[in-house]
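1. I need the structure of the sequence given here:
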Amino acid sequence: MRGKRSALLAGVAAAALALAVEPVAAQSTTANLINELNAKLLYVAIPITLVTEVVLFYTVYKYRKSDAPKPTKENRRLEITWTVATAIILLFVGVASYGVLADPAVTYTPDMGDPMDDEDAVVVDVEAYQWGWTFGYPQAEGNVTTSTEIAVPKDRVVYFRITSSDVLHAFAVPELGLKQDAIPGQTNTIRTTPLENGQYQGYCTEYCGVAHSQMYFNVTVMDQGDYETWLQEQQSSGSSGGNQSSGNASAGNASAGNASAGNASALLAAQSA
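-> Okay, here's the model as predicted:
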């Protein structure tokens, strides 16, 4: 009886503690969905963990001096109870997870339509290469491309169309809840809506060679007016040779990457010799 009371009190305390924790404000719809799912699973996992541990410690303590343990007796009511409880928990986890994974803000599939058909959305083309990025804005007038920064407006749907020009890479912005593989010859699309202004760091999360750790970039979320001003500035710099400079910078990064690869090859050859 005392053990049951302790388990009940532990479960109630865990539930109260979980409800008392204020959720962190999400920076995007994608991050919001993922955080909500994690919170739901946490509310279920904490009471189960505490009850299990309380029962375990109680059993160990009560029978710690038992020199002649008796076999466990069959208890069908108890077995049916925990089987049904487990089934309910697994059903809850499955339904909650499917509701998030099926949302376009988490999993976007080609049958959901062409992002370019969504006139109210922003489309960003992402191309990864060893060892850098090229970000393009196909909806903008002129050739707007960048290599280290993505600018997107707050409270508007944004699509990232991601591919690779050489080997396998991965586009990731953890604070926005974004992660997608960049595969040569294939375009993967992810969708989100930024909710908070700010600058968020992104990087490659798939090891792709000696300069993999240099593949950083920033995603800047800004108001619509500031975003339009940023696009105009990029278009102006492009018409005056800014794109050429960007291209030279990209070529310089590629050359630096090739030099790093050459140094690595030379080192391996020296070690083999």
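
2. what bridges to the nearest residue to T145 once chain neighbours are set aside?
-> Closest residue to T145 apart from its sequence neighbours, by Cβ to Cβ, 6 or more residues apart in numbering: G136 at 4.8 Å. Every residue, glycine included, has its C-beta placed from N, CA and C. In this entry, G136 is beta-bridged to D125, T145, by DSSP bridges.

3. isn't G136 right next to S147, touching?
-> No. Contact criterion Cβ atoms under 8 Å: G136 and S147 do not qualify, at 10.4 Å.

4. any idea where the helices of the stretch 101-250 of the chain begin and end?
-> In the stretch 101-250 of the chain, the segments counted as helices under DSSP state H, counting those that start in this stretch are 224-239, 242-272.

5. Out of those helices, name the one with the poorest average pLDDT.
-> For those, the bottom mean pLDDT is recorded on helix 242-272, which sits at a mean of 41.

6. before we move on, the earlier item: so what's in contact with G136 and S147 at the same time?
-> Counting by Cβ atoms under 8 Å, 6 or more residues apart in numbering, no residue touches both G136 and S147.

7. Where do the domain boundaries of this structure fall?
-> What automatic domain parsing lists as the domains of the chain is 2-61+76-101, 112-260.

8. Could you dump those into TSV with mean neighbour count added?
-> As requested, the domains of the chain are arranged in TSV below (neighbours: other Cβ atoms under 10 Å):
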stretch	mean neighbour count
domain 2-61+76-101	13
domain 112-260	17
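
9. does I190 have beta-bridge partners, and which?
-> In beta-bridge terms (that is, DSSP bridges), I190 pairs with F160.

10. Okay, it and A151: tell me how far apart.
-> 17 Å (Cβ to Cβ, to the nearest Å).

11. where exactly do the strands run in the stretch 101-250 of the chain?
-> 122-129, 132-136, 145-146, 149-153, 158-164, 169-173, 178-182, 188-192, 198-204, 216-222 (DSSP state E, counting those that start in this stretch).

12. Check which helices and strands the second one sits against.
-> So the one you mean is strand 132-136. If you count contacts as 3 or more Cβ pairs under 8 Å, 6 or more residues apart in numbering; DSSP states H and E, strand 132-136 packs onto strand 122-129, strand 145-146, helix 242-272.

13. Specify the local secondary structure of T52.
-> helix (DSSP: H, G, I helix; E, B strand; the rest coil).

14. What is the burial count for P69?
-> Counted with other Cβ atoms under 10 Å, the neighbours of P69 add up to 7.

15. which stretches of the stretch 101-250 of the chain have low pLDDT?
-> For the stretch 101-250 of the chain, applying pLDDT under 70 flags the ranges 238-250.

16. any idea which helix or strand carries the residue lying farthest from the centre of the chain?
-> Relative to the centre of the chain, the most outlying C-alpha is that of A68, 53.1 Å out, by Cα atoms, centre = their mean. Taking DSSP states H and E as the criterion, no element holds A68; it sits outside all helices and strands.

17. for the residue nearest to T145, what are its contacts?
-> The contact partners of G136, taken as Cβ under 8 Å, 6+ apart, are 124-125, 127, 143-145.

18. which one of those residues is nearest H212?
-> E127 (16.3 Å; Cβ to Cβ).
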